[in-house]
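K.L.:
Need the 3D shape of this:
(4 chains)
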4 protein chains.
Amino acid sequence: MIPTISLIPLIQLASGDRLSLQVYQFKGAQPGKKAYLQSNLHGAEISGNAVIQQLIEFLVDLYPTQLSGEIWLVPVCNPLSTAQRSHHFSSGRYNTYDGKDWNRIFWDYEKTTVDIAAFAKANLDLNPLEIQQKYRQQILAEFNTISQEIQSQRGLPYSEFYRYQLQSLCLDADYVIDLHSSTNQAIDYLYCFQARQSSAKAFLLDHGILMNDYDGDAFDEAFLKPWLALEKALADWGKPIKFDIESWTLELGSGMIMNPNSVEKGVRGIKNYLSTKGMLNLPGFPLSETESYQVLLTPKKQLKRYYAPAGGMIQSRVPLGSSIQKDQNIYQILNFNKSGEMPRIIDVFAESDGFIFDVSTNHSVNQFDYVLGVMLQ
Amino acid sequence: MIPTISLIPLIQLASGDRLSLQVYQFKGAQPGKKAYLQSNLHGAEISGNAVIQQLIEFLVDLYPTQLSGEIWLVPVCNPLSTAQRSHHFSSGRYNTYDGKDWNRIFWDYEKTTVDIAAFAKANLDLNPLEIQQKYRQQILAEFNTISQEIQSQRGLPYSEFYRYQLQSLCLDADYVIDLHSSTNQAIDYLYCFQARQSSAKAFLLDHGILMNDYDGDAFDEAFLKPWLALEKALADWGKPIKFDIESWTLELGSGMIMNPNSVEKGVRGIKNYLSTKGMLNLPGFPLSETESYQVLLTPKKQLKRYYAPAGGMIQSRVPLGSSIQKDQNIYQILNFNKSGEMPRIIDVFAESDGFIFDVSTNHSVNQFDYVLGVMLQ
Amino acid sequence: MIPTISLIPLIQLASGDRLSLQVYQFKGAQPGKKAYLQSNLHGAEISGNAVIQQLIEFLVDLYPTQLSGEIWLVPVCNPLSTAQRSHHFSSGRYNTYDGKDWNRIFWDYEKTTVDIAAFAKANLDLNPLEIQQKYRQQILAEFNTISQEIQSQRGLPYSEFYRYQLQSLCLDADYVIDLHSSTNQAIDYLYCFQARQSSAKAFLLDHGILMNDYDGDAFDEAFLKPWLALEKALADWGKPIKFDIESWTLELGSGMIMNPNSVEKGVRGIKNYLSTKGMLNLPGFPLSETESYQVLLTPKKQLKRYYAPAGGMIQSRVPLGSSIQKDQNIYQILNFNKSGEMPRIIDVFAESDGFIFDVSTNHSVNQFDYVLGVMLQ
Amino acid sequence: MIPTISLIPLIQLASGDRLSLQVYQFKGAQPGKKAYLQSNLHGAEISGNAVIQQLIEFLVDLYPTQLSGEIWLVPVCNPLSTAQRSHHFSSGRYNTYDGKDWNRIFWDYEKTTVDIAAFAKANLDLNPLEIQQKYRQQILAEFNTISQEIQSQRGLPYSEFYRYQLQSLCLDADYVIDLHSSTNQAIDYLYCFQARQSSAKAFLLDHGILMNDYDGDAFDEAFLKPWLALEKALADWGKPIKFDIESWTLELGSGMIMNPNSVEKGVRGIKNYLSTKGMLNLPGFPLSETESYQVLLTPKKQLKRYYAPAGGMIQSRVPLGSSIQKDQNIYQILNFNKSGEMPRIIDVFAESDGFIFDVSTNHSVNQFDYVLGVMLQ
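P.N.:
Numbering: from 1, shown residues only, chains lettered A, B, ... in the order given. Got it, this is the predicted structure:
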């Protein structure tokens, strides 16, 4: 298959240069669902770029008959964050202009004036597909009103324009996959919404975070939240429906690093996921282990982060991926002072049992800096 | 009067050095209200430091009998933001570690599990002062539970520790005054809560923004919002009370600049405000113009900001403090390109009548960068 | 006249986007000299962009017969520095990747293995134009060896590639004009080489810095220094020649600002300069005041800078453009402490008479930060 | 032994807070040489802090009779660079205020007006120790003239004050050891001056860089260069002397990391070095392997660095510590574009045989960014 490649201008710099998005669209021989994938929304989180490049190479080698529907892929989807550097490091997590986390800016239909309960009630007679299409049309219609603001003399801030461009590409999709990594160093895992656990296993990752508490500003949330709200409203009216609409954030390893193992897991999981969804027709897929795969899902509220009790250097930290016990010594701070005393070693102990899924890259910490993250067990 | 001067350690850096707060407390001969003032919460907003220094000098020269109650003053109240610099410029608006606006981090009692309506109902029999004291005790008790988290092995992020220290100083105050400036360049004005307009005139500033829409994360909001909620709850139960509890943000001119005119206005307004409140007993104060002073209050929703429609350099911008008419040419962008064309001049026109209260310091703008702010009229 | 507009790719970002230069070339009806102008080498120094845009507009309206030779213009000549921002401010003076000042990176022919004394001796029989052409060929030949390094597997750092691209455009020019501003806030002035004072008056600026001490790394120096060395070598062999080859840095006002007065002075001075050089044939030019114009040239060693003796805020500073006397109070530091003392006002006095030509934009200073610059008199 | 601990104020921030140095001095029972050690001159290079802390613990446990002379230790010796952070990363290599590399700012006696040849000639009659003492007095006298500048109204930039404080501590030392790491990721190695190879083996490190080309601005260079110049001058007058004065930069592993292996090598090497110099009297030291230890010293000119030929992500890079052959594929760039083409994999090949001693931490690179460093063999 040969993809359609299209260019979307994002921003003109003061120098007159422009930064853009480039979208790769594969269209199958049969109509079907639309899957949307992007990578590198945060500047340091690069491994998803290799996942997308390997998926593009893979799809190019397929016959159109092996794909039902469309797959859209957007690597390096945030050129401004990728360009944010300090010295040699990629610090593109927050827009330095307005302080906003690049993944907390997205447009959430549920936060407009829409009355979802009323919509649900008014459409109880329709069948699920009709409801889905009608609701989708409403979302898109509301979203498109933003384009007037873009044309105005007043203009709008970049984060609002940027989210418009990115969400324009995916609001009509069925499956959205956003490829992230830790800003720091982490295991491979995924974020899973409470109503979509059964689909999670297709990604063949051992760990996940179960989203029981979110505000809709993240890319995956902004896409799925209005649909979960509709499902709830319909259920409240006695008509439970689960739409085949899903969104996922995969966290593939550590920041600033192209870990081949994380990349390989990402590629394999996505092929398997799209196969279980019937979009890809591949020999041997879905993989036989899928059905019985166990993803250990930790509720988001069960994540606990440790912060440095003093300024200094982290040493003897328990490794990433370790299980820890309550009261275990999990790291030390080598602590200096300017008060005429000897340097000290401060021991920090676990407050509870758990599993270390994320650790800070930098061992030099100011007091209150992040040190490690634990999934409670 | 001689102030009590106390030092509060804030953060130990990785190098072992510490940054601290220093608080100046003046105690009058008579008991009375407590006023709390701070400056420089955002790194670039420095003119309030001179206001506080001049107030300290002024209070030192007063007799204790001229003060009823206590005045606490905290200049340079955010050493970490003051130390945030890039090249020669003060960029301390967002914490670079977590992206948070230093003035959107504060603890809001209303967001805890408190049931304010129930509290109001249960205390309808008490007199206003008793209600005030009881509610204050509840706020402080809830706030103090945070100190356990500070002692824990897990610790907490700096913004949570920092807000704890700063709010510890003011949660028992009656009047809170937070001295800001524009990050960019602005006129002198204040932020006023809807229920406190009558007190605003004592500051003798010509312009103000009326807060009809806020989330409680700013310093002034976090202090006053729970009291406004209580006032509303009491009114809902048929017992309207207006507590003599107020908070103010004064915006004194431009960032990175010590404008003597803005400083003088700040000092004069604060003396006059504290005199109208009966805390200061000064010859000639409250100033006679206070009673009839007109502050033009613009509702927050009537503020409109303009963003650059293209990358380039701003030129021929209408000056700060101008009134503008709809369709007036209010600035130009000198726009370069990398597409083989001639440079262009892009004219931008006003969308509506208004008053320019804030403009960007930097004339070099990427597309979507902030250019100017208008109070609609 | 219609310019030839050409695009020169500079750098590909990690995201695949590219930043480029765009060059505007005007060619006159008659052959003649080549003038090269650029602006915005440092990110904050933007007023030269308006100068170049106005010169382009002006040249477009001329008849080709009014120009002898060629004028090349490169606005926004350093897109990477223009894109360096911190919060709202343009901090593009140093490459954040390698710390290098963007105007201390240039290739200086005199620092290669060339033996200029030997060249001078070997060519004493030639006439000045022949010597000039032969020397120019040598410079260009040596410079072009860099292109092999660019093609190599090892590659080279960006500052070396960037200087290659920029110097490729001007090494064969006769007159080079580099348009800067202060990083901070300054009067309009120029940098003049010791052997080129007589030409300086054509720019009609009141002040200048006489370059008696330089290392060749700045753009103007890198261009002219090898020629000055040749002039000296020829003089040493008893054949004094002054080539009509010149380079200038104009400093047009303050950083981050498009001051229309500075822009107008720049445009007028450059038109007048090119007219005195016979490149432009304009009614009324060269302006009659040129001949008797007095530029006050201060030797570079007579510049003195003041640095803050304590941390705090600058106030009551003598204005930019003032003459000062020894022992005059020229500014104060509002100084806070964390040692339990009252805030202090520290007075700073002039060490000698002088003229204040540059002041810091930011009034918030750490100890040792730059405060103001003086031309001694 | 109990050290004397002294505090040296470095800089007062705009907020009134101060950053300081803290020096630990151990004095032996017998007089003797002075050794000076410091760590963390560059903000990211932290492993030397643990080396110094472990040496302090070790020295505390020694009897005074086991030390001849004095050992001064300064951990976290550059609080301003340690505090330079961007997001979570330590970017403290260049002073963001003036762009200067923190290790290219030091005072080099040879660059003053001193005539070393004349000094050598005038003192040929003295014995080596007398020459050493007299020369040292001259260095210190010249250095102390800087203190007048510090007291002046004009003040001086921070880098000049900072170097004064740091060099005040070591200019009278006999052995100077500066503990660094890579900014990126590196093996353990040392920098060795051409005239001091025989002493290098005591550090028991496998690799070193032989300094044949330096300008005196680095800390180790600024200390030793004037002595090497004197040795050369004396030799030129026919009186070759090698003073027992040495300076070393140890590079202990990677930036932002506390690698226990690098720390252990550092501690062991320094103990062994000070034992071979007769300062420490320890059982089993100097270690028996010292005499025959082979340090592979690569001349500085034989270091070659590779820079990215295109923007993108580094993948499949040959590991740190590998030997490579000419024409070997040593890394790939995953290269995206905004010109409608497919992503590409670009292979980069070695230009020559060598050993990879340093690699970039960040796999996301703009074109021309640093990728890896090779010691040619």
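K.L.:
Adjacent strands (with direction) for the worst-scoring helix or strand of chain A on mean pLDDT?
P.N.:
Every helix and strand of chain A was ranked by mean pLDDT, DSSP states H and E. The lowest is strand A:85-86, at a mean of 83. As defined by DSSP bridges, the strand partners of strand A:85-86 come to strand A:89-90 (antiparallel).
K.L.:
Quick one: mean pLDDT over the next helix or strand after the strand it pairs with.
P.N.:
Using DSSP states H and E, the helix or strand that follows strand A:89-90 towards the C-terminus is helix A:116-122. Helix A:116-122 shows a mean pLDDT of 97.
K.L.:
again with stretch A:173-185
P.N.:
Stretch A:173-185 shows a mean pLDDT of 97.
K.L.:
wait, does it make contact with chain B?
P.N.:
No. Stretch A:173-185 lies out of reach of chain B by CB under 8 Å from any CB of the partner chain, never closer than 10.7 Å. (Glycine included, C-beta is placed from N, CA and C.)
K.L.:
how far out from the middle of the chain is that stretch?
P.N.:
Mean-position distance between stretch A:173-185 and its chain equals 3 Å (CA atoms, centre = their mean, to the nearest Å).
K.L.:
what's the span of it, first residue to last?
P.N.:
Stretch A:173-185 has an end-to-end distance of 31 Å (CA to CA, to the nearest Å).
K.L.:
now swap in stretch A:143-152 and tell me
P.N.:
Terminal-residue distance, stretch A:143-152 (CA to CA): 16 Å.
K.L.:
residues of that stretch that come out buried?
P.N.:
A:143, A:146 (16 or more other CB atoms under 10 Å in any protein chain shown).
K.L.:
likewise stretch A:6-23?
P.N.:
So for stretch A:6-23, counting by 16+ other CB under 10 Å, buried means A:10-23.
K.L.:
residues from the stretch 151-300 of chain A in reach of chain B?
P.N.:
So far as CB under 8 Å from any CB goes, the stretch 151-300 of chain A lies against chain B at A:152, A:153, A:154, A:155, A:156, A:157, A:158, A:161.
K.L.:
Is it possible to get JSON lines of those residues that adds secondary structure and pLDDT?
P.N.:
Output for those, formatted as JSON lines (DSSP: H, G, I helix; E, B strand; the rest coil; pLDDT from 0 to 100):
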{"residue": "A:152", "secondary structure": "coil", "pLDDT": "92"}
{"residue": "A:153", "secondary structure": "coil", "pLDDT": "92"}
{"residue": "A:154", "secondary structure": "coil", "pLDDT": "95"}
{"residue": "A:155", "secondary structure": "coil", "pLDDT": "95"}
{"residue": "A:156", "secondary structure": "coil", "pLDDT": "95"}
{"residue": "A:157", "secondary structure": "coil", "pLDDT": "96"}
{"residue": "A:158", "secondary structure": "helix", "pLDDT": "97"}
{"residue": "A:161", "secondary structure": "helix", "pLDDT": "97"}
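K.L.:
which residues does the residue most central in space within chain A bridge with?
P.N.:
By CA atoms, centre = their mean, chain A has its centre lying nearest to residue A:249, at 3.0 Å. Beta-bridge partners for residue A:249, by DSSP bridges, are residue A:178, residue A:191.
K.L.:
So it is in contact with residue A:218, correct?
P.N.:
Yes. The criterion here is CB atoms under 8 Å, and residue A:249 meets it with residue A:218 at 7.4 Å.
K.L.:
Secondary structure of residue A:38: a helix, I assume?
P.N.:
No. Looking at residue A:38 with DSSP: H, G, I helix; E, B strand; the rest coil, it is strand, so not inside a helix.
K.L.:
isn't it right up against residue A:71?
P.N.:
No. At 11.9 Å, residue A:38 does not count as touching residue A:71 under the criterion of CB under 8 Å.
K.L.:
What is the neighbour count of the residue in the stretch 51-200 of chain A that chain C sits nearest to?
P.N.:
Nearest residue of the stretch 51-200 of chain A to chain C, counting by CB to the nearest CB: residue A:79, 3.7 Å away. Close neighbours of residue A:79, defined as other CB atoms under 10 Å in any protein chain shown, add up to 25.
K.L.:
Equivalent analysis for the one 5 residues further on, please.
P.N.:
Residue neighbour count, defined by other CB under 10 Å, stands at 23 for residue A:84.
K.L.:
try residue A:282
P.N.:
With other CB under 10 Å as criterion, residue A:282 counts 15.
K.L.:
what residues are up against it?
P.N.:
When contacts are counted by CB atoms under 8 Å, 6 or more residues apart in numbering or on different chains, residue A:282 touches A:66, A:271, A:275.
K.L.:
quick one, phi/psi of it?
P.N.:
phi -120, psi 140 (degrees, to the nearest 10).
K.L.:
Give me the local confidence score for it.
P.N.:
Residue A:282 is given a pLDDT of 97.
K.L.:
likewise residue A:377?
P.N.:
80.
K.L.:
I'd say it and residue A:353 touch.
P.N.:
Yes. Using CB under 8 Å, residue A:377 is in contact with residue A:353, at 5.4 Å.
K.L.:
which residues do the two both contact?
P.N.:
Listed as contacting both residue A:377 and residue A:353 by CB under 8 Å, 6+ apart are residue A:323.
K.L.:
ok, back up a step: mind listing what the residue of the stretch 51-200 of chain A closest to chain C touches?
P.N.:
So residue A:79 contacts A:10, A:19, A:20, A:21, C:13, C:15, C:16, C:17 (CB under 8 Å, 6+ apart).
K.L.:
thinking again about what came up before, hmm, which two among the residues of the stretch 151-300 of chain A next to chain B are most spread apart?
P.N.:
Maximum pairwise distance in these, criterion CB to CB, is 17.0 Å, between A:153 and A:158.
K.L.:
of the two, who's got more company?
P.N.:
Between residue A:153 and residue A:158, counting by other CB under 10 Å, residue A:158 is the more crowded of the two (23 against 15).
K.L.:
Grab the nearest non-local neighbour of that one.
P.N.:
Distance criterion CB to CB, 6 or more residues apart in numbering or on different chains; nearest residue to residue A:158, sequence neighbours excluded, is residue B:368 at 3.7 Å.
K.L.:
The one you found: how many residues sit nearby?
P.N.:
Residue B:368: 24 neighbours (other CB under 10 Å).
K.L.:
I'd say it and residue B:307 touch.
P.N.:
Yes. In this structure, residue B:368 is within contact of residue B:307 by CB under 8 Å, at 5.1 Å.
K.L.:
what is in contact with those two at once?
P.N.:
Shared contacts of residue B:368 and residue B:307, defined by CB under 8 Å, 6+ apart, are found at A:155, A:156, A:157, A:158.
K.L.:
Give me the neighbour count for the first one.
P.N.:
When neighbours are counted by other CB under 10 Å, residue A:155 registers 23.
K.L.:
residue at max distance from the center of chain A?
P.N.:
residue A:340 (47.7 Å).
K.L.:
Flag the shaky bits of chain A, pLDDT-wise.
P.N.:
For chain A, no stretch has pLDDT under 70.
K.L.:
residue ranges for the helices of the stretch 1-150 of chain A, please.
P.N.:
A:47-60, A:79-82, A:116-122, A:128-144, A:146-151 (DSSP state H, counting those that start in this stretch).
K.L.:
Deepest in the core, which of those helices is it.
P.N.:
Among the helices of the stretch 1-150 of chain A, ranked by average contacts under mean count of other CB atoms under 10 Å in any protein chain shown, first place goes to helix A:79-82 (a mean of 26).
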